[in-house]
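Asker: this one's sequence-less:
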């Protein structure tokens, strides 16, 4: 089969390319040339945000298209109008209206969005607008991949890389509790494998593509980081109330972690039975952590950072103050 990936040089797009090549697909990537394309693909240069930015694709023929765009929905709409074939849009569980109920499935209420929205919209509305843009063109044939938290090699958001580099430094490490708190995430490679297979099989409609709730715990994640880095880190499990009272922000200052409550329930308790029934398989957390650390070391320990996302992590002086208290 022939696959077109719009992007394909970073994180999710790169993982999709690797997955498709591994099963023998012929892959073309359209990108702006800011990053090197993966080996083994055909490359078309183009900028989707400018007039005629897709002209390099004229006359092309692909069995499936994968689009990971997170910006202005109108860009997704214009791309979908220019292309044929099966169209998979990598969306997000952020499209669900907050707070999502515990165990929310694909029929949960979603945020408002517009297919013709420009760039000045927040992330949930941008992703919902992208979904509507694809559906405007492809109708019920559109595949909407609603990913949750994504971890693994090539991460350019910084969440798991921050924990790995922090724990690699060793010493006492602030570990946010409860330690048995369940996480719900998907390894980027499992997300890519599922998306490629779903495009091949002609699946359509929305899917929550994230691992089962409680696939790993916060303890399992951080202890895996300690093992693979080989550091002398000593995890100091700290009550969530103490962390919050110190003004520390969950998710951003302490990546991946959410204290018990409404945000945790909305983020980490989704119903993923539809994606699992359609073939989603999730590798152990130890494998995700080890492979991410191996990738980080290949880069000299410094992970790439998306320019449109703020850096994450807790300042050393804030951590020291909390540990001292």
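Answerer: All right, it came through fine. As the structure is a prediction and not an experimental result, all values here were calculated from the model.
Asker: For the rest of this, base every contact and every neighbour count on C-alpha atoms.
Answerer: OK.
Asker: Would you map the helices across the stretch 1-150 of the chain?
Answerer: Per DSSP state H, counting those that start in this stretch, the stretch 1-150 of the chain carries helices over the ranges 11-22, 73-82, 123-138.
Asker: With distance to residue 175 and mean neighbour count as added columns, please give the ones you listed in TSV.
Answerer: Formatted as TSV, the helices of the stretch 1-150 of the chain follow (distance: least, C-alpha to C-alpha, whole Å; neighbours: other C-alpha atoms under 10 Å):
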stretch	distance to residue 175	mean neighbour count
helix 11-22	27	22
helix 73-82	38	21
helix 123-138	28	25
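Asker: looking at those, which is closest to residue 307?
Answerer: When the helices of the stretch 1-150 of the chain are compared by C-alpha to C-alpha, helix 11-22 sits nearest residue 307, at 13.5 Å.
Asker: got the helices of the stretch 1-150 of the chain as JSON lines, with mean pLDDT and distance to residue 215 columns?
Answerer: Compiled in JSON lines, the helices of the stretch 1-150 of the chain are given as follows (pLDDT from 0 to 100; distance: least, C-alpha to C-alpha, whole Å):
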{"stretch": "helix 11-22", "mean pLDDT": "98", "distance to residue 215": "20"}
{"stretch": "helix 73-82", "mean pLDDT": "93", "distance to residue 215": "32"}
{"stretch": "helix 123-138", "mean pLDDT": "96", "distance to residue 215": "25"}
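Asker: As a markdown table, those with distance to residue 93 would be great.
Answerer: Output for those, formatted as a markdown table (distance: least, C-alpha to C-alpha, whole Å):
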| stretch | distance to residue 93 |
| --- | --- |
| helix 11-22 | 15 |
| helix 73-82 | 16 |
| helix 123-138 | 8 |
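Asker: Give me the number of neighbouring residues for residue 272.
Answerer: By the criterion of other C-alpha atoms under 10 Å, residue 272 has 20 neighbours.
Asker: What of residue 59?
Answerer: 7.
Asker: Would you map the strands across the stretch 1-150 of the chain?
Answerer: 2-6, 26-31, 42-45, 64-67, 86-92, 143-147, 149-151 (DSSP state E, counting those that start in this stretch).
Asker: Reformat the ones you listed into TSV and put mean neighbour count next to each item.
Answerer: Putting the strands of the stretch 1-150 of the chain into TSV (neighbours: other C-alpha atoms under 10 Å) gives the following:
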stretch	mean neighbour count
strand 2-6	23
strand 26-31	22
strand 42-45	17
strand 64-67	23
strand 86-92	26
strand 143-147	25
strand 149-151	23
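Asker: Distance to residue 293 for those strands - can I get that in a markdown table?
Answerer: Output for the strands of the stretch 1-150 of the chain, formatted as a markdown table (distance: least, C-alpha to C-alpha, whole Å):
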| stretch | distance to residue 293 |
| --- | --- |
| strand 2-6 | 26 |
| strand 26-31 | 27 |
| strand 42-45 | 29 |
| strand 64-67 | 27 |
| strand 86-92 | 25 |
| strand 143-147 | 22 |
| strand 149-151 | 12 |
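Asker: Indicate which one of the ones you listed is closest to residue 169.
Answerer: strand 149-151 (20.8 Å).
Asker: What strands line up against that closest one, and which way round?
Answerer: Strand 149-151 has the following sheet partners, assigned by DSSP bridges: strand 185-187 (parallel).
Asker: I'd like the average pLDDT over the strand it pairs with.
Answerer: Averaging pLDDT along strand 185-187 gives 98.
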